[in-house]
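Colleague: Build me a structure from this.
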Amino acid sequence: QTQGDIRTMAVASLEQFKMQIDLAEELKYLTLVAVGVSSYVADDWDNAIAQLTTALSGAKPNKTALDPAAIHFYRGTAHDFKGEYDLAIADFDRAIQLNPKLATGFNNRGTTYYFKGEYDRAIADFNEAIKINPQSELAFKNRGIAYVEKGEFDRAITDLSEAITLNDQDASSFHSRGCAYLFKREFERALTDFNSA
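Modeller: Got it, this is the predicted structure:
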């Protein structure tokens with residue numbers, strides 16, 4: 001109030017200014033995420049990690065626009081591709097903490113544990129991914145491959161057969177099951193799978 005007059009215009013302008021600042025922050029966040037994901041798709045892991053890190057730390061996220069769990073997932077996968085397994089696991093841990101139903105987060109963390117040679121931890125994560133999404137051909141395949149590494153060939157064959165049921169066009173599932181049969185010395189079945197692959 002100035003000299004007895006109510007200045008509603010000042011309040012309206014202030015609210016509009018705040019809305020513009022919020023919008024600018026949201027656009028900055030979404031732009032960083034978009035550039036980061038584009039870099040990820042282009043296999044430019046360093047730039048993907050840099051952009052997604054800036055999005056997570058420097059901009060105000062709008063969770064309705066893009067959940068930060070997804071950003072941790074992408075950044076974790078980029079770290080995974082670079083062989084930075086501990087950093088990848090930290091990101092997958094955070095993604096799963098933010099979204100406990102993120103089956104792909106469990107799957108990718110399991111894959112990272114697999115690359116580290118920690119097969120039991122990998123299998124535990126694949127179990128969670130399958131519990132969340134029983135149609136996850138990838139989680140069945142990955143768990144089957146981990147069982148092959150552990151020498152549990154019957155369990156591997158069961159999982160890889162399920163992966164093939166869910167997607168009979170994935171040559172790697174046939175190949176992995178063929179390897180399991182080969183290790184069991186079931187050569188005809190191994191040859192059939194290798195031929196299918």
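
Colleague: So residue 30, which state does it fall into?
Modeller: Under DSSP: H, G, I helix; E, B strand; the rest coil, residue 30 falls in the helix class.

Colleague: Give the next helix or strand downstream of the lowest-mean-pLDDT helix or strand in the chain.
Modeller: Across the helices and strands of the chain, mean pLDDT, DSSP states H and E gives its lowest value to helix 8-41, namely a mean of 68. Using DSSP states H and E, the helix or strand that follows helix 8-41 in sequence is helix 45-58.

Colleague: Show me what that following helix is packed against.
Modeller: On a contact count with 3 or more C-beta pairs under 8 Å, 6 or more residues apart in numbering; DSSP states H and E, helix 45-58 meets helix 8-41, helix 68-81. Backbone N, C-alpha and C define where each C-beta goes, glycine included.

Colleague: contact partners of it?
Modeller: Residues outside helix 45-58 that contact it (C-beta atoms under 8 Å, 6 or more residues apart in numbering): 29, 32-33, 35-37, 39-40, 61, 68, 71-72, 74-75, 78-79, 81-82.

Colleague: What of stretch 177-190?
Modeller: 144, 147-148, 151, 153-154, 156-157, 160-161, 164, 191-194, 197.

Colleague: rerun at 7 Å
Modeller: 148, 153, 156, 157, 160, 161, 164, 193, 194, 197 (C-beta atoms under 7 Å, 6 or more residues apart in numbering).

Colleague: Then stretch 73-85?
Modeller: Identification of contacts with stretch 73-85 by C-beta under 7 Å, 6+ apart yields 36-37, 40, 45, 48-49, 52-53, 87-88, 91-92, 95, 102, 104-105, 108, 111-112, 115-116.

Colleague: Now the buried members of those residues.
Modeller: Burial of those was assessed by neighbour count (16 or more other C-beta atoms under 10 Å); the buried members are 36-37, 40, 45, 48-49, 52, 87-88, 91-92, 95, 102, 104-105, 108, 111-112.

Colleague: Before we move on, what's the pLDDT of residue 181?
Modeller: At residue 181, the model reports a pLDDT of 98.

Colleague: Sorry, wrong one. I was asking about residue 192.
Modeller: 97.

Colleague: can you check the one 5 residues further on too?
Modeller: The predicted local confidence for residue 197 comes out at a pLDDT of 96.

Colleague: repeat for residue 173
Modeller: The score at residue 173 is 97. That number is its pLDDT.

Colleague: swap in residue 147?
Modeller: Listed pLDDT for residue 147 reads 98.

Colleague: can you count the residues close to the residue nearest to it when sequence neighbours are not counted?
Modeller: In this structure, residue 147 finds its nearest non-sequential neighbour in residue 156, 3.7 Å apart by C-beta to C-beta, 6 or more residues apart in numbering. Neighbourhood size, residue 156 [other C-beta atoms under 10 Å]: 25.

Colleague: Kindly report the same for the one 4 residues further on.
Modeller: For residue 160, the neighbour count with other C-beta under 10 Å is 29.

Colleague: shouldn't it be in contact with residue 175?
Modeller: No - Residue 160 is beyond contact range of residue 175, at 9.3 Å (criterion: C-beta atoms under 7 Å).
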